[in-house]
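Trainee: based on what follows, work out the 3D shape:
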Amino acid sequence: MLPTSDYDPDDTVVVLEDVGVRYRVPRGGVRSIKEYLLLAMRGQIRFDDFWALESVSLKVAAGERLGVIGRNGAGKSTMLQVIAGVLRPTTGSVDVLGRIAPLLQLGAGFDPELSGRENVYLNGTLLGMKRAAIKERFDAIIEFAELEEFVDAPLRTYSTGMAARLGFAIATECQPDVLLLDEVLSVGDEAFQAKCVRRLREFTDRGTTLILVTHDAHLVADNAPVRSGFATNASWPTESQATWSAPTTIS
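Mentor: Coordinates of the predicted model:
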């Protein structure tokens, strides 16, 4: 793990080399597993290749904030899943140094039947935290998420924003080296979003690398005063070719 108080900005912690992710889509559509198996046994099934990512190369340094903006279907979330190790690339290679904390989907790593308290321990464990460390940081997690009054209520009674706040609080308290966020900051009120941005600034100032997928150009670019200069780089994937432009410095 990279030190949190002293780091070398020249350290590269995320490297993607010529990465591609291909899905094989049955031609004409298949309505059921039974139909798929019958067609496959008869040799009648044909596939079309769909490349969610193609020839993506990227390097992200320690402490860098990379904002990724693009249309739906451009491959932004797919790239985060590849970096997190959720998806294996069809082509190319991926290297990541240090602990990764991915917030890729609301509710991921949570059990809706468990209380908020129990989910803190469950999600923290999935992120690699020891039980003693979770216990030590528990109060800070709940305070940041502003869920003191609901900590023992089942997660299924939480609103979408409450669940997102809890997930964000846990992920940032585990002190990751690489933090991956997929549209997480789009949930919640403006005050909480500003609070999250301040925490992310603190993390990257200490050496945590942040990769943020968003449709909010203001969050990345420079237009909202509280978010000014949030990202150090930005990348714009194009939907038509599923390829990526080189990161562009914006602040």
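Trainee: quick one, phi psi at A140?
Mentor: Main-chain dihedrals, A140, degrees, to the nearest 10: phi -70, psi -40.
Trainee: contacts only, for it.
Mentor: Residues near A140 by C-beta atoms under 8 Å, 6 or more residues apart in numbering: E173. In short, each C-beta sits where N, CA and C put it, glycine included.
Trainee: what's the answer for R46, then?
Mentor: R46 neighbours (C-beta under 8 Å, 6+ apart): P26, R27, G28.
Trainee: same list (those residues) but as TSV, adding distance to V94, neighbour count and pLDDT.
Mentor: What follows is the contacts of R46, written out as TSV (distance: C-beta to C-beta, whole Å; neighbours: other C-beta atoms under 10 Å; pLDDT from 0 to 100):
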residue	distance to V94	neighbour count	pLDDT
P26	28	14	75
R27	30	10	75
G28	33	10	72
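Trainee: what's the closest of these to A145?
Mentor: P26 (42.8 Å; C-beta to C-beta).
Trainee: measure the closest one to L87 for me?
Mentor: 20 Å (C-beta to C-beta, to the nearest Å).
Trainee: for the stretch 151-251 of the chain, just list every one of the helices.
Mentor: 160-173, 190-205, 217-220 (DSSP state H, counting those that start in this stretch).
Trainee: dump these into TSV; add mean pLDDT as well.
Mentor: Shown next, in TSV, are those (pLDDT from 0 to 100):
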stretch	mean pLDDT
helix 160-173	86
helix 190-205	80
helix 217-220	68
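Trainee: for G75, see how far away the residue of the chain lying at maximal distance from its centre is.
Mentor: Taking C-alpha atoms, centre = their mean, the residue of the chain most remote from its mean C-alpha position is R42, at 41.2 Å. Taking C-beta to C-beta as the measure, R42 falls 34 Å from G75.
Trainee: again, but for A217
Mentor: For A217, the distance to G75 - C-beta to C-beta - is 18 Å.
Trainee: now L114
Mentor: From L114 to G75 the distance is 33 Å (C-beta to C-beta).
Trainee: more neighbours: which of these two?
Mentor: G75 (26 against 16; other C-beta atoms under 10 Å).
Trainee: wait, the more buried one sits on L53?
Mentor: Yes - contact criterion C-beta atoms under 8 Å: G75 and L53 qualify, at 4.6 Å.
Trainee: does the closest residue to Y23 other than its chain neighbours fall in a helix, a strand, or a coil region?
Mentor: Among residues not flanking Y23 along the chain, F50 sits closest, at 4.7 Å (C-beta to C-beta, 6 or more residues apart in numbering). At F50 the chain is in strand, as set by DSSP: H, G, I helix; E, B strand; the rest coil.
Trainee: what's the neighbour count on F50?
Mentor: 11.
Trainee: likewise I33?
Mentor: Residues near I33, counting by other C-beta under 10 Å: 8.
Trainee: how far away is it from D48?
Mentor: I33 is 19 Å from D48, by C-beta to C-beta.
Trainee: shaky segments in the stretch 51-200 of the chain?
Mentor: Applying pLDDT under 70 to the stretch 51-200 of the chain flags residues 105-107, 185-188.
Trainee: which ones are touching A40?
Mentor: By C-beta under 8 Å, 6+ apart, A40 has no neighbours at all.
Trainee: understood, closing this out.
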